[in-house]
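Asks: Provide a 3D model corresponding to the input given below.
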Amino acid sequence: MTATLSRETETAPAHELAGTWHLTRLALRRDRVTLPIWIVLLSVIPASTVKTFAQFYPTDADRLALQAGATANPSYALLYGPPFDLTSAGGFIAWRMCGFLALLIGLMAVFTVTRHTRAEEDTGRAELLASAVVGRYAALTAGVLVAGAASVLIGLIQVGSMIGAGLPAAGSLAFGASIALAGLVFTAVAAVAVQLAEYSRTANGIGTAVVGAAFLLRGAGDSTVDARWLSWLSPIGWVQQIRAFAGERWWVLLLPVALALVIGAAAYWLLPRRDVGVGFLPPRPGPARAAASLRSPLALAWRLHRGPLLGWTIGMAVVGAVFGSIASGIGGLVGSSPQAQQIMERLGGAHGLTQAFLATMAGLFAMVASLYGIQAVLRMRGEETAIRLEPVLATSVGKLRWAGGHLVFAFLGTALLLLAGGLFLGLANGLRTHDVGGSVGDVLSGMLVQLPATWVVIALAVTLFGLRPAYSAAAWGVGALALLISLLGPIVNAPQGVLDVSPFQHPPKLPSQPFVATPLVWLLVVTVVALGAGLIGWRRRDVG
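Replies: Predicted coordinates:
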């Protein structure tokens, strides 16, 4: 069969793209909720923070102090990259955001390509379409087109919005082009990952691992004087080496273009050399009989969730350690203007910049942890649509018992992530301030009071899964909306009524504010109601 497919590919290459346009339209329709959220979120953030630069650093002395402080502390280079020019709004935004935007657009590209290629093979829909007039390369091309077009659109919107905000055109173009090309590189990486892996979760794991490795490689190179060459091995490092708003180096744009073409060509070379539903890295077969420890719904859920939970936990711990290492010096980056103090008060409190920063980080970690919770909830929908759930329910396992195994990891897993992030955040800050016990205790308390807010988002995801399963993916929109309001709302001075939409605005901002239990109780009430509605809907509706 494989040889026949190869001969057909060689003799009739034009027909191998048949149906690409229809699959592209189908992919856009399926992503009509999640993709616009990615595009808006990644596009508007840079331009929305232009005015805040003048608020935080109103004088030349403040900006020179910022430049000197960022240059002297390698921890900032590890997190944000080399500070080429922090005396202008454009240079500051490029320094603070280029690396993270490249990371996020890489994740967007990986998830999008996998969703429309390998995930379709998991469910058997790709094989069904392949039996009709759909070419061998159509699905991959459609996924690449959607992810690539989204990346280019994000870059174009960034360019237009930053020019509209008053930033130089050349720097804006370099900024948007670098982010768009990073998206294209990781689109190509995802195209190869779906050829290697046999299941979508494995492909997502390979793709996200490459994105994370690129970010860490860039951080290691930028923070180590003797290893700056490591940054040139990372596509995310190239994004910052273009030096938007700091004497643009246009020739660096050729590097991601060349890499995207090479990796993309490798994906198309690999595709006809495998069968549909099979990867080049076949999964390792398990034993013929399951161990006693796996003979329960909770054990099955542990088997499915342990890999993502471990990866998220390690990531939260590493990020916590990095942020904790710079917490005590945050005053040099924030500045001392009244406007900056007001913004920090809305973000996390006004009782000391370090305390306010730690409180803000606790809220940010909670938002990120809620995304893991959404992923864990949607794993139930994935098991359902892949028809792996029906054989389980055909035994003595009930629907609620099966769902309970997954929800244990969705709810308690977020608690574990916050504990890991808080422990390393407080430990790193305590080592620098010589108060490990006090710092760890304060940060962990700030993390744990955020837990009810994360549970609200997770419970709303369960509600969608139980009542409107076809729209389960909209749970990502719920999480993204809460994150967007909490991050950008205080900066753009949004009305309090808008801020209150996000559950992350209600917990007390420990350790910079006094503890108040009332909002936590209401958040738990909302969680119970939303969770109950979702489980009742799941119990009553048909599987699939």
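Asks: residue contacts, residue 167?
Replies: Residues near residue 167 by Cβ atoms under 8 Å, 6 or more residues apart in numbering: 47, 50, 89-90, 93, 245. Every C-beta, even on glycine, is put in place using the N, C-alpha and C of the backbone.
Asks: Apply 6 Å and report the result again.
Replies: Residue 167 is in contact with residue 90, counting by Cβ atoms under 6 Å, 6 or more residues apart in numbering.
Asks: how near is it to residue 176?
Replies: Look at residue 167 and residue 176: by Cβ to Cβ, to the nearest Å, they are 11 Å apart.
Asks: any low-confidence regions in the protein?
Replies: Within the chain, the segments meeting pLDDT under 70 span 1-14, 73-75, 225, 286, 290, 293, 328-353, 488-494, 512.
Asks: which helices and strands sit right next to the longest helix along it?
Replies: Assignment by DSSP state H gives helix 399-433 as the longest helix of the chain. In this structure, helix 399-433 makes packing contacts with helix 297-327, helix 353-385, helix 436-448, helix 451-467, judged by 3 or more Cβ pairs under 6 Å, 6 or more residues apart in numbering; DSSP states H and E.
Asks: Name the residues of that helix that come out as buried.
Replies: Within helix 399-433, the residues scored as buried using 16 or more other Cβ atoms under 10 Å are 399, 402-403, 405-411, 413-430, 432.
Asks: and the gap between residue 41 and residue 433?
Replies: Note on residue 41: its distance to residue 433, by Cβ to Cβ, is 34 Å.
Asks: Check residue 288 too.
Replies: Residue 288 sits 56 Å away from residue 433, going by Cβ to Cβ.
Asks: Now residue 90. Nearest residue, chain neighbours left out?
Replies: Nearest non-adjacent residue to residue 90, counting by Cβ to Cβ, 6 or more residues apart in numbering: residue 245, 3.2 Å away.
Asks: Under a three-state scheme, what state does the one you found occupy?
Replies: With DSSP: H, G, I helix; E, B strand; the rest coil as the basis, residue 245 sits in coil.
Asks: How many residues are close by it?
Replies: Counted with other Cβ atoms under 10 Å, residues neighbouring residue 245 total 23.
Asks: Ramachandran angles for it?
Replies: phi 60, psi 20 (degrees, to the nearest 10).
Asks: now swap in residue 394 and tell me
Replies: phi -70, psi -10.
Asks: Tell me how many other residues crowd it.
Replies: 8.
Asks: show me what contacts it?
Replies: By Cβ under 6 Å, 6+ apart, the contact set of residue 394 is empty.
Asks: Look up how far residue 538 lies from it.
Replies: To residue 538, residue 394 is 17 Å away according to Cβ to Cβ.
Asks: With residue 101 instead?
Replies: For residue 101, the distance to residue 538 - Cβ to Cβ - is 37 Å.
Asks: How about residue 102?
Replies: Relative to residue 538, residue 102 is positioned 38 Å away (Cβ to Cβ).
Asks: who's more crowded, these two?
Replies: Using other Cβ under 10 Å, the more surrounded residue of residue 102 and residue 538 is residue 102, with 30 against 21.
Asks: from the chain's centre, how far out does stretch 372-379 sit?
Replies: Computed by Cα atoms, centre = their mean, to the nearest Å, the chain-centroid distance of stretch 372-379 equals 13 Å.
Asks: what does that stretch contact?
Replies: Contacts of stretch 372-379 (Cβ under 6 Å, 6+ apart): 312, 409-410, 414, 417, 458, 461-462, 472, 475, 479.
Asks: same thing but 7 Å
Replies: Contact with stretch 372-379 is made by 304-305, 308, 312, 406, 409-411, 413-414, 417, 454, 457-458, 461-462, 465, 472, 475-476, 479, as judged by Cβ atoms under 7 Å, 6 or more residues apart in numbering.
Asks: same check, this time on stretch 92-111
Replies: 38, 42, 45-46, 49-50, 53, 80-81, 83, 86, 147, 150-151, 154, 175, 178-179, 182-183, 186-187, 190, 204, 207-208, 211, 215, 218, 236, 239-240, 244-245.
Asks: Show me those that map onto strands.
Replies: Using DSSP state E, no member of these sits in strands.
Asks: what comes up buried for stretch 15-23?
Replies: By 16+ other Cβ under 10 Å, the buried positions in stretch 15-23 come out as 15-20, 23.
Asks: before we move on, what about stretch 244-256?
Replies: So, applying 16+ other Cβ under 10 Å, buried residues of stretch 244-256: 244-246, 248, 252-253, 255-256.
Asks: Now do it: distance to the chain's middle.
Replies: Stretch 244-256 has its C-alpha centroid displaced from the chain centroid by 25 Å (Cα atoms, centre = their mean).
Asks: CA atoms only for it - export them in PDB, please.
Replies: The C-alpha trace of stretch 244-256 is given here as PDB (Å, rounded to 0.1, in the frame of the first residue of the first chain):
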ATOM      1  CA  ALA A 244      13.700  46.200  16.500                       C
ATOM      2  CA  PHE A 245      13.800  49.900  17.500                       C
ATOM      3  CA  ALA A 246      17.600  49.600  18.300                       C
ATOM      4  CA  GLY A 247      19.300  49.700  14.900                       C
ATOM      5  CA  GLU A 248      17.500  47.000  13.000                       C
ATOM      6  CA  ARG A 249      19.600  44.200  11.500                       C
ATOM      7  CA  TRP A 250      17.400  43.200   8.500                       C
ATOM      8  CA  TRP A 251      19.700  40.400   7.400                       C
ATOM      9  CA  VAL A 252      18.800  38.300  10.500                       C
ATOM     10  CA  LEU A 253      15.300  37.900   9.000                       C
ATOM     11  CA  LEU A 254      16.800  35.600   6.400                       C
ATOM     12  CA  LEU A 255      17.600  33.000   9.100                       C
ATOM     13  CA  PRO A 256      14.000  32.100  10.100                       C
END
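Asks: can you list contacts of it?
Replies: Contacts to stretch 244-256, defined as Cβ under 7 Å, 6+ apart, come from residues 84-85, 88, 90-91, 94, 168, 170-171, 174-175, 177-178, 181-182, 184-185, 235, 238, 241-243.
Asks: repeat that for 8 Å
Replies: Identification of contacts with stretch 244-256 by Cβ under 8 Å, 6+ apart yields 84-85, 88, 90-91, 93-94, 98, 167-168, 170-172, 174-175, 177-178, 181-182, 184-185, 235, 238-239, 241-243.
Asks: in what helix or strand does residue 269 lie?
Replies: helix 254-270 (DSSP states H and E).
Asks: ok, the residue nearest to residue 42 when sequence neighbours are not counted - contacts?
Replies: In this structure, residue 42 finds its nearest non-sequential neighbour in residue 154, 5.0 Å apart by Cβ to Cβ, 6+ apart. Residue 154 sits next to 38-39, 42-43, 105, 176, 179-180, 183 when contact means Cβ under 8 Å, 6+ apart.
Asks: Kindly report the same for residue 165.
Replies: Residues in contact with residue 165, defined by Cβ under 8 Å, 6+ apart, are 47, 50-51.
Asks: Distance of it relative to residue 44?
Replies: 10 Å.
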